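J.: Can you look at this prediction? I've put the sequence above it.
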Amino acid sequence: MDATLALPLLIALIGVALFFDFLNGLHDAANSIATIVSTRVLRPQYAVMWAAFFNFIAFLFFGLHVAETLGTGIIDPSIVTPQVIFAALMGAIIWNIVTWIFGIPSSSSHALVGGLVGAGLAKTGGDAIVLSGLLKTVAAIFMSPMIGFMLALLLVLIVSWVCLRRTPFAVDRSFRGLQFISASLYSLGHGGNDAQKTMGIIAVLLFSQGYLGDTFYVPFWVVITCQSAMALGTLFGGWRIVHTMGSKITKLNPMQGFCAETGGAITLFAATWLGIPVSTTHTITGAIIGVGAARRVSAVRWGLAGNILIAWVVTLPAAALISALFYFAAGLL
């Protein structure tokens, strides 16, 4: 395809990718602010501004390993075409919208991975898949909430022991302040991991069309644009999912909110440095369940948690199916 002729289509596809990034911020705003809102440390309108700022500056603290994984580690970059990228994005966007409407905290990240897999399979079959990268990502579906759960549970136990001789009022006042730090760290992790996924999609599209030369990399303008789109989406918030994450799973106080956010942030920081595209939704949900279980097992609404787990399992294949349908539909045009 001639580069000049491809330019309008390329610009349109970059616009679709940025729309997905915006939806990612909108859909996953709950992950960054649910705990700090539910503990009434910040009002929702201030919480989203706080989260959006740290979403935006995340590129200053992390490398681009996750973008490289999404760009070259899920499907073979040599089979990438505008049709493949369009189908992958539409699979992720449609699934995100469906889960957002019903207030289901599913994973935008794994919707995008599912979209790539579905489009790649529709184009060339099993040869399109980079098995090592896909297996690493699928393993993270199960590992990230477990790690978030264990870290949050451990933090609650440590903090409870440290604060044993303090009054509940003093503990509450201290952790209201500390939650600003934990929410900032979680928002950094969220922006660092999630925005890079769209960076990888745009970069591999540019690479496939010959705009990056012979070496895959992520241009700086792509980094800034993706961070901005995610921050803007976070500003609009995802209030249905905030309610589910912040109060329906378990009730939180500031100390528990701090432990959940800190446990989740540690998990996201480690995954981002390792280049693993984990789900911020999975991570913070596991952490919230962990702090609830530390209080007592019955404090967690396990039925709701089970429904969320089902949504997690369904996300990747559902997005892949939608993506494959869009790939075939686009081929008919």
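T.: Thanks, I have the structure now.
J.: ok, Asp21 to Val223 distance?
T.: Computed as CB to CB, to the nearest Å, the Asp21 to Val223 distance reads 12 Å. Backbone N, C-alpha and C define where each C-beta goes, glycine included.
J.: More neighbours: these two, which one.
T.: Asp21 (29 against 19; other CB atoms under 10 Å).
J.: Now the more buried one: which helix or strand?
T.: Asp21 is part of helix 3-38 when elements are defined by DSSP states H and E.
J.: and that helix, what other elements does it pack with?
T.: Judged by 3 or more CB pairs under 8 Å, 6 or more residues apart in numbering; DSSP states H and E, helix 3-38 is in contact with helix 44-56, helix 82-101, helix 108-124, helix 168-208, helix 220-236, helix 239-243, helix 254-274, helix 280-295.
J.: Which pLDDT value belongs to Ala34?
T.: In this model, Ala34 is scored at 70, pLDDT.
J.: Name the nearest residue to Leu232, sequence neighbours excluded.
T.: Spatially, and ignoring its direct neighbours in sequence, Leu232 is nearest to Phe22 (5.9 Å; CB to CB, 6 or more residues apart in numbering).
J.: ugh, wrong one, I meant Leu206
T.: Of all residues not flanking Leu206 in the chain, Leu212 sits nearest, at 5.2 Å (CB to CB, 6+ apart).
J.: and Gly331, how many neighbours?
T.: When neighbours are counted by other CB under 10 Å, Gly331 comes out with 11.
J.: Touching, it and Pro82? I think so.
T.: No. In this structure, Gly331 is not within contact of Pro82 by CB atoms under 8 Å, at 11.7 Å.
J.: Is the residue of the chain most remote from its centre inside a helix or a strand, and which specific one?
T.: For the chain, the residue at maximal distance from the C-alpha centroid (CA atoms, centre = their mean) is Arg165, at 38.3 Å. Using DSSP H and E, Arg165 is not contained in any helix or strand.
J.: ok so, going back, return the member of the helices and strands packed on helix 3-38 having the minimum mean pLDDT.
T.: Among those, helix 239-243 has the lowest mean pLDDT, at a mean of 54.
J.: I'd like to know how far His282 sits from Phe56.
T.: 23 Å.
J.: So for the two, which sits in the more crowded spot?
T.: His282 (30 against 22).
J.: measure the more buried one to Phe326 for me?
T.: 25 Å.
J.: do Val130 as well
T.: 21 Å.
J.: again, but for Asp28
T.: For Asp28 relative to Phe326 (CB to CB), the value is 22 Å.
J.: May I ask you to confirm that the residue nearest to Leu206 belongs to a strand?
T.: No. Under DSSP: H, G, I helix; E, B strand; the rest coil, Leu212 falls outside any strand and is assigned coil.
J.: and it, what does it touch?
T.: Ala203, Leu206, Pro219 (CB atoms under 8 Å, 6 or more residues apart in numbering).
J.: Just among these, which is most surrounded?
T.: Ala203 (27 neighbours).
J.: sorry, back to before: would you mind measuring from the residue nearest to Leu232 to Val156?
T.: Here the distance between Phe22 and Val156 works out to 34 Å (CB to CB).
J.: Dump the helices and strands packed on helix 3-38 to CSV, plus distance to Glu68.
T.: Shown next, in CSV, are the helices and strands packed on helix 3-38 (distance: least, CB to CB, whole Å):
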stretch, distance to Glu68
helix 44-56, 20
helix 82-101, 16
helix 108-124, 14
helix 168-208, 7
helix 220-236, 13
helix 239-243, 29
helix 254-274, 12
helix 280-295, 19
